[in-house]
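> Whatever this is, show me its structure:
(one chain, ligands or ions: 2)
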Amino acid sequence: MDAFAPSTIPRRVLRGVPVSPGIAIGPAYLLHPRKREVARHPIAPEHAEREILRLRRALDAAAKEILAIRDRIGGGVGEYEARIFDSHALILRDEEILAAVMRDIRENLHNAEYAFYRQMNILAERFDAAKGGFLKEHLVDLRDVAARVIDILSLAGGGAGEVAPKLPDPVVLLARALTPSGLSQFAPGKLLGLCLETGGKASHTAILARSMEIPAVSGIPWADLGIDAGRMVIVDGDQGHVILNPSLRDIKEHENRRAARLARESELEGLRELEPVTRDGKHVSLAANVELPGESLSVLRHGAGGVGLYRSEFLFLGRDDMPGEDEQYEAYRTLAEALAPRHVTIRTLDAGGDKRVAGMEDGDERNPHMGWRSIRVSLRNPGPFKTQLRAILRAGASRNVRLLFPMISNLQEFRAARKLAEEARAELAAEGIPHDPDMETGCMIEVPSAALMAADLAREADFFSIGTNDLAQFTLAVDRSNERVSDLLEPHSPAVLREIQGVIEAARTQGIPVTICGEMAADPHLALMFVGMGVDELSMSPVSIPEMKRLIRAVGYEEARLCAREALRRGTAEEVHAYVEERFVEVYGRTKK
Ligand code: PEP
Ligand code: MG
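Ligands and ions are numbered 1, 2, ... in the order given. Model prediction:
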């Protein structure tokens, strides 16, 4: 389709959540779950009730999604469009449909996805064959509801094995829900931007979009607004809006903003070789968060001092088997050698939550972020865990690798993980395989119980890395992947900031270094406070490093200390924000943005 051909669909500006910065302008590619293959497998008779429970949960989740979209559209686009979703909700509540699907599960022992899909197809055929317009008109709603429920049932927060379409030309991808593995399968350069219906700023899809430098906005219910594939779309990941069928004026304006952004970035390139030191000489390491081993070029281009967090699980996503020791070793070694003598902190597998790894799953999770996840999975699977530890220790033969354990929630877990690392090291030594016998071993502080036990953990760990994405999600009880509550994941929360200060103090008392590697590290306000709290390293997406270096070089350590001390006395996030913004303007002569 000609992206500029006259359209019956008017220009529309849709507000969402900005999750990855930058501006993309290009033709729309619709990743519509309607085309999803529906898995079919028989279930055991004793599992029929469990399948029905899964189905009911999926129907509830779909109803909640539809209600949220209805509210958003009603407030933004218009009441007429919002009413579409009332009929979707009616289909979900239909007792006859539910009874037929339950019967299919119990009598024919079909899995929930397939039973639901079958029933929706029977209905769709009836609608299609009906005389008169009403039922036919609702065919599209029926298909949409079916896709939503099947999507929830089969994805349940992220599925391994999604296959990305092969794209001939670069596009702006419009997807309902995109998992990190789904995103990582697109060829580099093919995605100009992302417009998503679901997913918060701290979701792993958003994190990956930032590391791939793909502008993205989420919280946009595009699928029901009748956009045509190939039409022009603008994704503004700085301001958090998407424009469907933009005017020429919109395009010009966004092109200008994109050019200004590029000019700013090239100006910052001059900082690449400079050290991140405050005006009064305090060095604060600026390191990169890396998801893909191929990102080492981006790490160097943006002037990072090393890798503060390599999320190794991305090597495990989107495949049906687990990478073996040699394959992992190659990936880790490539990264470590490309960046030597800079340090590379490799975090062991953080499976679960919104990242599904084949072979490490445990069925449906009610609370995936708090369930079968991360170090818990590794400790209960010592075989694959040791395989990874051996690969990391071997990659450390170049002596610039650090080992990091995720989601530690108590001292026993840290000790157990360390013991396995020690066993792996002893095995390598006995086999005469080169490795680092003295690798520094760190503990992520991203669960409130670990923050409370920081003094004890600091006695045993060689370094700390504070994962503010999870720490904030658990401290504030706000799901990081849910765009509906994104605004509650308040980065200036005094509770989270005081917790972080306590962890830094515990580390300083024991003389071990502390990195902050969650998304908060890249926020200029918070970074000012973290420097003042005495953090040793801030680790972030490579793209955020140059601007952060400029900020650090322009502030005095004493000034930052005063700012942190005063801000921590404030009782609300708003008060912290207002106070830091004032100091920020004083130091930099401008507001945060
Ligand atoms: C964090 O939780 O802040 C973190 C850095 O880890 P991840 O985002 O991978 O959960
Ligand atoms: Mg985490």
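> at contact distance from ligand 1, anything in stretch 290-304?
No. With CB under 6 Å from any ligand atom as the criterion, ligand 1 is not reached by stretch 290-304; the gap is at least 8.8 Å. The way it works is simple: take the backbone N, C-alpha and C, and place the C-beta from them, glycine included.
> Same question for that stretch: list its buried residues.
Using 16 or more other CB atoms under 10 Å as the test for burial, stretch 290-304 gives V290, E291, L292, P293, E295, S296, S298, V299, H302, G303, A304.
> now that stretch, how far from the centre of its chain.
18 Å (CA atoms, centre = their mean, to the nearest Å).
> and the protein, which of its residues are near ligand 1?
Counting by CB under 6 Å from any ligand atom, the chain sits next to ligand 1 at I207, L309, R311, D350, E446, G467, T468, N469, D470, C517, G518.
> Ligand 2 next: which of those are close?
Filtering the residues of the chain next to ligand 1 for proximity to ligand 2 (criterion: CB under 5 Å from the ion) leaves E446, G467, D470.
> which phi and psi does the closest residue to P170 other than its chain neighbours have?
Excluding the flanking residues, the one nearest P170 by CB to CB, 6 or more residues apart in numbering is L192, at 5.0 Å. With angles defined as degrees, to the nearest 10, L192 sits at phi -80, psi -40.
> Can you get me a residue count around L192?
21 (other CB atoms under 10 Å).
> The buried residues of stretch 290-304 into JSON lines, with extra columns for secondary structure?
Compiled in JSON lines, those are given as follows (DSSP: H, G, I helix; E, B strand; the rest coil):
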{"residue": "V290", "secondary structure": "strand"}
{"residue": "E291", "secondary structure": "coil"}
{"residue": "L292", "secondary structure": "coil"}
{"residue": "P293", "secondary structure": "helix"}
{"residue": "E295", "secondary structure": "helix"}
{"residue": "S296", "secondary structure": "helix"}
{"residue": "S298", "secondary structure": "helix"}
{"residue": "V299", "secondary structure": "helix"}
{"residue": "H302", "secondary structure": "coil"}
{"residue": "G303", "secondary structure": "coil"}
{"residue": "A304", "secondary structure": "coil"}
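> looking at the chain, which helix or strand does the model trust least?
helix 133-137 (a mean of 56; mean pLDDT, DSSP states H and E).
> continuing past it, what's the next helix or strand?
helix 139-155 (DSSP states H and E).
> And the contacts of that following helix?
Defining contact as CB atoms under 8 Å, 6 or more residues apart in numbering, one finds that helix 139-155 is touched by 32-34, 36, 38-39, 54-55, 58-59, 61-62, 65-66, 84, 87-88, 91-92, 112-113, 116-117, 120, 123-124, 127-128, 176-177, 179, 223-224.
> filter those residues to the buried ones?
33, 36, 38, 54-55, 58-59, 61-62, 65-66, 84, 87-88, 91-92, 112-113, 116-117, 120, 123-124, 127, 176-177, 179, 223-224.
> ends of stretch 537-556, how far apart?
End-to-end distance for stretch 537-556, by CA to CA, to the nearest Å: 16 Å.
> For the residue in the stretch 301-450 of the chain that ligand 2 sits nearest to, give me its contacts.
Per CB to the ion, E446 is where the stretch 301-450 of the chain lies closest to ligand 2, at 4.6 Å. By CB under 8 Å, 6+ apart, the contact list for E446 reads P406, M407, I466, G467, T468, N469, D470, L471, F474, G518.
> Go again with 6 Å.
G467, D470, L471 (CB atoms under 6 Å, 6 or more residues apart in numbering).
> circling back to that earlier point, how about TSV for the ones next to ligand 2 among the residues of the chain next to ligand 1, with secondary structure and pLDDT added?
Output for those, formatted as TSV (DSSP: H, G, I helix; E, B strand; the rest coil; pLDDT from 0 to 100):
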residue	secondary structure	pLDDT
E446	coil	98
G467	coil	98
D470	helix	96
